[in-house]
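In: please find the sequence and the predicted model below.
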Amino acid sequence: MAQNPGARAPRTEGPRPGDDGELRGALARALLPRIDELTRRVVDDIHAHSGTYASGSPVSRDDLGEICRVNLLRALEDFGGLPSGAGDFEHAARETGRRRAEQGVALDTVLQAYRRGGRVMWQMMAEHLRATRGTPRAVGPVAGDPDTELDMAGAVWETIDRYSLVMAESYRLTQLEMQGRQETRRVALFEALLDGRGDDPAVAAAAAAALGVPLHDRYAVVVAAQDPAAPPNPAPVLDDHGIWSFWRPRSGRYAGIVRLAAGESGVLLDLLRHRTGATAGVSPEFDRLAQAGRALRLAEQALRTLRAGSGEAAAFDDRLAEVLLVGRPEIAERLVTTRLGGVLDASAEREVLLGTLRVWLDSGCSAARAAELLYCHRNTVLNRIGRIAELTGCSAESGEVRLGWALALRALPLIGADDERAAVDGDPGRAGP
């Protein structure tokens, strides 16, 4: 079995050989009966040097005293080469790291407490050495030697440092586990919102808390196709522009909730189009997280009107006609056939006539404005529109005909190209037959 990289080789219990080992054992045995006094002094010292611990929240004095006592017991036993009362010298350090991580105490604060505890422990050892120096209780001739005392101080800090490392490793592992649990909860609540369960006030409130956003604000849902040429999700681009979003893979796409400031809808579309390369549908804005499920369906419908891999982003409100048509393919096909069939059959003229018709309609049916955009004469535009009227058997003066032409132009990219659109079979937003 692989060894834990943070673990050390097990220590052989019993006094270490030589005078240093005997002195360390004697010092440990001298302090063990005074463990309550040592604990009190350590707690007082930590409170005097740490505002976090002195406040009593989240770590009460009793909690601090309890965990200091067991850590000091294990450290003394280890330092002195004595048998452990718990069998595992490092358990207390690991438990300290776990508990403090769960309480949200900063790691630096916990490490400082360990250093304060080591300092007080050495102070009491030094006091004992001074009190017994030159008396029959002194442990050998080295007990009063300054060099030996320095060695003892170094050994104390070696012990404290070792347990600090064990504590810190446990702290970081606990943090990772907590982050994993928090992320799992965030994802589950995000999915609940998109599934429409935000109508339950408890679900919506829990989701807002987990995501770190208000229940009421300006939001939009974006659904982006997972195009090979585009980044996995647009979050980094939006983050760079100070726009909060949360994304997850969903049914072969990325779905995200985006929090918007006033006027940022246009910015969102611009970033999606020009900075991410993603093909994406964007819902209308909504002001309650509970509405995210409905917004998801609208964003999916907007996406379905786009050709896969186009890198285009479309707002639902800008694609209303296309949304209606893509949901009724038989109507879209009939529109194209009845309104533009003659033009489509004129293969030699088809592209020129369709391009002119599109510009003419977008120009408010003004031949002069269309001619400027097409870089041709006004009469050329009029002649082409007349040719379209001839091929379709419709009058260009009729408002109903113009509407039919406009809808047919929008339907044209949608028919017979389901495999090229960013649609997903079984889309819950797709209208029924």
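Out: Arrived safely, thanks for sending.

In: count the neighbours of L173 for me.
Out: The number of residues packed around L173, counting by other CB atoms under 10 Å, is 15. C-beta: built from backbone N, CA, C; applies to glycine.

In: what's the helix or strand for it?
Out: In this assignment (DSSP states H and E), L173 forms part of helix 146-194.

In: other SSEs contacting that helix?
Out: helix 18-31, helix 61-80, helix 91-103, helix 107-132, helix 201-211, strand 245-250, strand 253-259, helix 292-304 (3 or more CB pairs under 8 Å, 6 or more residues apart in numbering; DSSP states H and E).

In: same thing but at 7 Å, please
Out: Based on contacts counted as 3 or more CB pairs under 7 Å, 6 or more residues apart in numbering; DSSP states H and E, the elements that helix 146-194 packs against are helix 18-31, helix 61-80, helix 91-103, helix 107-132, helix 201-211, strand 245-250, helix 292-304.

In: pull out the buried positions in the third one.
Out: In this case it means helix 91-103. With burial defined by 16 or more other CB atoms under 10 Å, the residues of helix 91-103 counted as buried are 91-94, 96-101.

In: in the chain, where is pLDDT below threshold?
Out: Low-confidence segments of the chain, defined by pLDDT under 70, are located at 1-19, 85-87, 134-146, 229-232, 416-433.

In: center of it - which residue?
Out: F246 (6.6 Å; CA atoms, centre = their mean).

In: now do the strands in the stretch 251-400 of the chain.
Out: Under the criterion DSSP state E, counting those that start in this stretch, the stretch 251-400 of the chain carries strands at the ranges 253-259, 280-282, 286-288, 313-315.

In: sheet-wise, list the partners of the third one with their directions.
Out: Within its sheet, strand 286-288 is paired with strand 216-225 (antiparallel), according to DSSP bridges.

In: cool, the longest one as well?
Out: Strand 253-259 has its sheet partners listed here by DSSP bridges as strand 216-225 (antiparallel), strand 245-250 (antiparallel).

In: so how far is the longest one from its chain's centroid?
Out: Remark: strand 216-225 is offset 16 Å from the chain centroid, using CA atoms, centre = their mean, to the nearest Å.

In: buried ones in the helix or strand just after it, by neighbour count?
Out: Scanning forward in sequence from strand 216-225 by DSSP H and E, the next helix or strand is helix 235-240. Within helix 235-240, the residues that count as buried by 16+ other CB under 10 Å are 235, 237-238.

In: need the strands of the stretch 251-400 of the chain in JSON lines with mean neighbour count, can you?
Out: Compiled in JSON lines, those are given as follows (neighbours: other CB atoms under 10 Å):
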{"stretch": "strand 253-259", "mean neighbour count": "23"}
{"stretch": "strand 280-282", "mean neighbour count": "29"}
{"stretch": "strand 286-288", "mean neighbour count": "15"}
{"stretch": "strand 313-315", "mean neighbour count": "25"}
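
In: indicate which one of the ones you listed is closest to R402.
Out: Each of the strands of the stretch 251-400 of the chain was scored for nearness to R402 using CB to CB, and the closest is strand 313-315 (23.4 Å).

In: how about the strands of the stretch 251-400 of the chain, which one is nearest E169?
Out: Between E169 and those, the shortest separation by CB to CB is 35.2 Å, and it involves strand 253-259.

In: so the closest one versus helix 146-194, what angle?
Out: In this structure, strand 253-259 runs at an angle of 100 degrees to helix 146-194, with axes from the mean of the first three to the mean of the last three CA atoms, to 10 degrees as the basis.

In: for strand 253-259, which outside residues touch it?
Out: By CB atoms under 7 Å, 6 or more residues apart in numbering, the list of residues contacting strand 253-259 from outside reads 194, 213, 217-226, 233-234, 238, 243-248, 268, 292, 296.
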